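Student: pasted the sequence and its predicted model underneath.
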Amino acid sequence: MPSHHIPSGLPPALARVHRTLVMAVLNVTPDSFSDGGEFLDPERAVERALHQMHLGADLIDVGGESTRPGAERISVDDELGRVLPVVERLVGEGVAVSIDTMRAEVARAAVDAGAVLVNDVSGGQADDSMLPFVAESGVPVVLMHWRGHSREMQQHATYPTGVVHEVIDELNDRLRAAIAAGVASDRVVLDPGLGFAKDADHNWSLLKSLDALSALGQPLLIGASRKRFLGQLLAVGGEPRLVEQRDDATVAITALAAAAGAWCVRVHDARGNVDAVRVADAWTAGNDE
């Protein structure tokens, strides 16, 4: 049976969950690839998050800056203006909130407002102050495999010695950097960064090798939801499956990732994914009578 590593520093309600967690995405942006603009209004964003919690999500990942391929960076003030009102409202409603940001200033404001996890897609590389802040705050952090900002990342989708080998090496480097900055190793979650500086074949190779990624000894977060490689897989007549029609494929990956021992999956719609992690938990716990 796979081991679900659980990071230290989580609130008790999350720390007690011994199945794969479901993290629901909340993009408060005008330009995210899946739902850009849909939840830019704070009232709609909060309503969406509460609905996802009602469907069984364990925590909400609030992000104010799009990281879709080609996206341009926004100012720190714009990012703060988008995320803080939503984080504050959700924390007030008793929701466990993760802050999806590459900026230490935004992470600090969100944690001060009650966020319980920092999710940095740059793995602490976009802002030299991020890892020292995480060390100081004591909150768990997700460090994703990253090779550059959205506008340039696909230029770096080359892996001469193999994508699995290179991603593991680079994630290990980020883990060492976090520890050197004072972050407790048991508070670090790793994310292979599906779709970030990776093509479809790279993504599938990484998913097939979750056991090798798990050998790093850290909890894993898997974010495959609605991504381009799923649209390519499900293409008909050369036309990729529409973004909003990729949820069934997302649920399939969630079940497989959960059965492989992933700590958390990051998804756009909780409903089917909540069912999938529970099925996977029962499947891996089953034994012959």
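Tutor: Cool, got the structure. Residues are numbered from 1 along each chain as shown.

Student: ok, which stretches of the protein are helices?
Tutor: Assigned by DSSP state H, the chain shows helices spanning 12-15, 42-54, 76-92, 104-112, 130-137, 163-180, 200-208, 210-214, 228-233, 247-259, 270-285.

Student: go through these and name the closest to Leu220.
Tutor: In terms of C-beta to C-beta, the element of the helices of the chain nearest to Leu220 is helix 210-214, at 5.9 Å. No exception for glycine: its C-beta is placed from N, CA and C like everyone else's.

Student: which residues does that closest one contact?
Tutor: 2-3, 5, 164, 167-168, 171, 190, 192, 206, 220, 222, 257, 260-262 (C-beta atoms under 8 Å, 6 or more residues apart in numbering).

Student: got a ChimeraX select line for the buried ones in those residues?
Tutor: Selection of buried members from those for ChimeraX, criterion 16 or more other C-beta atoms under 10 Å:
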select :2,5,164,167,168,171,190,192,206,220,222,257,260,261,262
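
Student: any idea which of the contacts of helix 210-214 is closest to His156?
Tutor: Once C-beta to C-beta is applied, the member of the contacts of helix 210-214 that ends up nearest His156 is Val167, at 12.0 Å.

Student: excluding its backbone neighbours, what's nearest the closest one?
Tutor: His145 (5.0 Å; C-beta to C-beta, 6 or more residues apart in numbering).

Student: which one of the contacts of helix 210-214 sits closest to Pro85?
Tutor: Ile222 (29.1 Å).

Student: list the contacts of the closest one.
Tutor: Taking C-beta under 8 Å, 6+ apart, one finds 191-192, 194, 207, 210, 253-254, 257, 262, 264-266 in contact with Ile222.

Student: now do Ala45
Tutor: Contacts of Ala45 (C-beta under 8 Å, 6+ apart): 26, 28, 39, 62, 86.

Student: can you name the two of these that sit furthest apart?
Tutor: Phe39 and Val62 (9.7 Å).

Student: show me where pLDDT drops low in the stretch 101-250 of the chain?
Tutor: Low-confidence segments of the stretch 101-250 of the chain, defined by pLDDT under 70: 150.

Student: let's see 80
Tutor: 149-155 (pLDDT under 80).

Student: circling back to that earlier point, in TSV: the contacts of Ala45, plus distance to Thr20.
Tutor: Output for those, formatted as TSV (distance: C-beta to C-beta, whole Å):
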residue	distance to Thr20
Leu26	19
Val28	25
Phe39	25
Val62	20
Val86	25
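
Student: who wins for neighbours among those residues?
Tutor: Ranked by neighbour count (other C-beta atoms under 10 Å), the contacts of Ala45 have Val28 at the top, with 30 neighbours.

Student: surely it touches Gly63?
Tutor: Yes: counting by C-beta atoms under 8 Å, Val28 touches Gly63, with 7.0 Å between them.

Student: overlap in contacts of those two?
Tutor: Joint contacts of Val28 and Gly63 (C-beta under 8 Å, 6+ apart) are Val83.

Student: quick check: buried residues in stretch 48-66?
Tutor: Using 16+ other C-beta under 10 Å as the burial criterion, the residues of stretch 48-66 that qualify are 48-50, 52-53, 55, 57-66.

Student: same check on stretch 146-162?
Tutor: For stretch 146-162, by 16+ other C-beta under 10 Å, it's 146-147, 149-150, 153-154, 159.
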